[in-house]
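Asks: sequence first, then the predicted structure:
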Amino acid sequence: MKLDRFWMVQIVIILTLFTLLIGSYLFSFGLFADKQPTTITATVAPTPVVPTTTPEASLTTAPTGAPTKPTEPAATCTPAGITLSSDTIRDSLSSNDAARQASCLAFLQAESLAGDKGAEVWLGQAHHHGWGVAKNLQEAAKHYRQAANSDDSDVRDSAQQWLQQLEQETQR
C-alpha cells in the first residue's frame, strides 16, 4: 500500500510540473496576453497661446459664429496606427513628403529637448543626409557628439559609428 501512495505522489508532482511548463510556454508566446496591437504614439504639446488684450478689446465680445483656426495635428514620425520604429522614422525622414518630414523633424527636436539621445542620432542623420533640412555636416556632427554622451550603450555606439563615418566622408 505504501508503494501505491508513493507513485501517486510522483504522478501529482509530474502533472504539476508539466502544467507549469505548458503554462509558461503559452505565456511566453503571448497566448494569454491582450490581442490588441500596441502602438507607440508620442505627441508634442502645442505652444501655449497667450491672449493679448487691449482696453478696447476687453469691452467688446467676439461674435459667436466666428471661424476658428483649425488645430494642427500633433508632430509625429509615423502615420496614424503605425508603430514607431527605426524603419518608420527613416521612412518619414527620407520620404518626398515635406509635411511628413517636417512633422517628424518637429517630433525629433521635441524629443531631443526632452533629453532623448536617440532622437539626437536621428537629427544627426537628417542633417547628414539632407532629409527635410539642408545638408549640414557640422550640424550632423554636433548631434552625433551629443548622442555619443548617452548612458545607453546602443545609442552611444550608434552615434560613434555615424560620427566616424561622417569624419571619413569629410576626409575624402
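Replies: Yes, it's here.
Asks: please make it C-alpha for all contacts and neighbour counts, starting now.
Replies: OK.
Asks: after the lowest-mean-pLDDT helix or strand in the chain, which helix or strand is next?
Replies: When the helices and strands of the chain are scored by mean pLDDT, DSSP states H and E, helix 55-59 comes last with a mean of 44. For helix 55-59, the following helix or strand on the C-terminal side (DSSP states H and E) is helix 86-94.
Asks: chain center to that following helix: distance?
Replies: Averaging C-alpha positions (C-alpha atoms, centre = their mean, to the nearest Å) puts helix 86-94 11 Å from its chain's average.
Asks: where along this structure do the helices fall?
Replies: Remark: helices assigned in the chain by DSSP state H are 2-28, 55-59, 86-94, 98-113, 117-129, 137-147, 153-171.
Asks: other SSEs contacting the fifth one?
Replies: Read it as helix 117-129. helix 98-113, helix 137-147, helix 153-171 (3 or more C-alpha pairs under 8 Å, 6 or more residues apart in numbering; DSSP states H and E).
Asks: which of the ones you listed is buried the deepest?
Replies: helix 137-147 (a mean of 21; mean count of other C-alpha atoms under 10 Å).
Asks: check the gap between residue 157 and residue 150 for me.
Replies: Going from residue 157 to residue 150 by C-alpha to C-alpha, to the nearest Å gives 9 Å.
Asks: how about residue 7?
Replies: Distance, residue 7 to residue 150, using C-alpha to C-alpha: 59 Å.
Asks: any idea how this structure splits into domains?
Replies: Domain assignment for the chain by automatic domain parsing gives 1-33, 74-172.
Asks: with mean pLDDT added, can I get the ones you listed in CSV?
Replies: Converted to CSV, the domains of the chain look like this (pLDDT from 0 to 100):
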stretch, mean pLDDT
domain 1-33, 81
domain 74-172, 86
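Asks: turn the helices and strands packed on helix 117-129 into JSON lines, including distance to residue 17.
Replies: Formatted as JSON lines, the helices and strands packed on helix 117-129 follow (distance: least, C-alpha to C-alpha, whole Å):
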{"stretch": "helix 98-113", "distance to residue 17": "47"}
{"stretch": "helix 137-147", "distance to residue 17": "48"}
{"stretch": "helix 153-171", "distance to residue 17": "39"}
